[in-house]
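In: can't give you the sequence, but here's the structure:
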């Protein structure tokens with residue numbers, strides 16, 4: 001049984017996923033060329049390393065400086081911690097950058113991930129920190145960064161043709177996070193159309209079933225107007241999707257198609273879910 005507190009569990013997850021991502025980056029650096037990332041169109045693994053490393057540095061800056069708003073790179077670019085020589089680094093305007101992944105880029109990523117992990121360890125999860133969500137805490141950033149590291153670790157491994165599933169516990173938490181945090185944010189950001197009461201059920205196949213909001217492996221979601229609500233019932237739904245926690249998470253993050261899961265009910269209604277809640 002996992003007896004870690006949610007905070008320490010989050011630290012362990014972030015550490016494991018960030019180090020696994022680093023391992024892929026170093027493997028690519030040794031290989032001599034950065035492959036494209038199918039699940040992130042227009043990016044190579046090098047571009048993905050720049051992205052995730054930049055996110056880590058930005059989050060660390062927010063927490064360390066106790067910012068009350070998003071950081072402004074133009075006002076203080078030093079938080080990126082760039083080395084003196086980045087001449088052989090990938091350039092965003094040239095993406096996808098398919099040339100060699102510089103070892104110095106992998107080093108920069110590893111240093112930033114370690115610094116963020118140490119910052120998480122030194123601050124309590126309830127410490128105030130600006131976020132893009134309603135929850136303004138360091139603990140929110142830890143949960144989000146563990147999930148983001150897992151998604152992008154899968155992206156990087158997928159680019160090499162051998163992606164490993166996300167751990168069941170982290171994946172299940174990410175599914176709940178998708179409905180509770182990401183779906184409302186995605187809808188607001190994208191201007192998605194209002195729901196008309198569509199109901200979707202997502203069921204884990206790697207846990208005993210039941211009804212509820214994910215604690216028992218079943219999430220029933222209703223999209224009504226602008227709201228995305230988890231409901232606790234087994235009433236009929238428009239479509240039901242079944243798969244492991246990792247498969248459900250990767251589907252909701254737009255990484256794998258519905259064909260990789262078991263779908264019952266109205267397939268067109270399920271396709272509409274991506275319109276109502278655009279993947280991030």
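Out: Thanks, I have the structure now. Keep in mind the model is a prediction, meaning the values are calculated, not measured.

In: just the helices in the stretch 51-200 of the chain please.
Out: For the stretch 51-200 of the chain, applying DSSP state H, counting those that start in this stretch gives helices covering 103-122, 138-159, 168-177, 183-190.

In: which of these is buried the deepest?
Out: With neighbours defined as mean count of other C-beta atoms under 10 Å, those peak in mean count at helix 138-159, which reaches a mean of 23. (Each C-beta comes from the backbone N, C-alpha and C, glycine too.)

In: name the helices or strands packed onto that one?
Out: Applying 3 or more C-beta pairs under 8 Å, 6 or more residues apart in numbering; DSSP states H and E, we find helix 138-159 packed against helix 6-31, helix 45-65, helix 103-122, helix 168-177, helix 245-252.

In: for the helices of the stretch 51-200 of the chain, which one sits closest to residue 17?
Out: For residue 17, the closest of these is helix 138-159, at 3.7 Å, according to C-beta to C-beta.

In: and the helices and strands packed on helix 138-159: which comes nearest residue 134?
Out: helix 168-177 (13.1 Å).

In: host element of residue 228?
Out: Assessed by DSSP states H and E, residue 228 sits inside strand 227-231.

In: list the contacts of residue 156.
Out: If you count contacts by C-beta atoms under 8 Å, 6 or more residues apart in numbering, residue 156 has them with 21, 24-25, 28, 37, 45, 48.

In: residue contacts, residue 46?
Out: Counting by C-beta under 8 Å, 6+ apart, residue 46 makes contact with 28, 34, 89-90, 97-99, 101-102, 105.

In: I should have written residue 160 there, sorry.
Out: So residue 160 contacts 24, 27-28, 35 (C-beta under 8 Å, 6+ apart).

In: if we can go back for a sec, what average pLDDT does the strand holding residue 228 get?
Out: Mean pLDDT, computed over strand 227-231, is 93.

In: cool, stretch 39-55 as well?
Out: The average pLDDT within stretch 39-55 is 97.

In: buried sites along it?
Out: For stretch 39-55, a neighbour-count test (16 or more other C-beta atoms under 10 Å) marks 39-40, 43-55 as buried.

In: one step back: of all the helices of the stretch 51-200 of the chain, which one comes closest to residue 5?
Out: helix 138-159 (10.7 Å).

In: so what's the residue nearest to residue 251 when sequence neighbours are not counted up against?
Out: Leaving aside its sequence neighbours, residue 251 sits nearest to residue 261 (C-beta to C-beta, 6 or more residues apart in numbering; 6.0 Å). Residue 261 sits next to 241-243, 247-248, 251 when contact means C-beta under 8 Å, 6+ apart.

In: for residue 261, what are phi and psi?
Out: Dihedral angles of residue 261 (phi, psi; degrees, to the nearest 10) stand at phi -120, psi 180.

In: would you mind measuring from it to residue 48?
Out: Look at residue 261 and residue 48: by C-beta to C-beta, to the nearest Å, they are 25 Å apart.

In: just how off-centre is stretch 171-182 within its chain?
Out: Distance, stretch centre to chain centre, for stretch 171-182: 10 Å (C-alpha atoms, centre = their mean, to the nearest Å).
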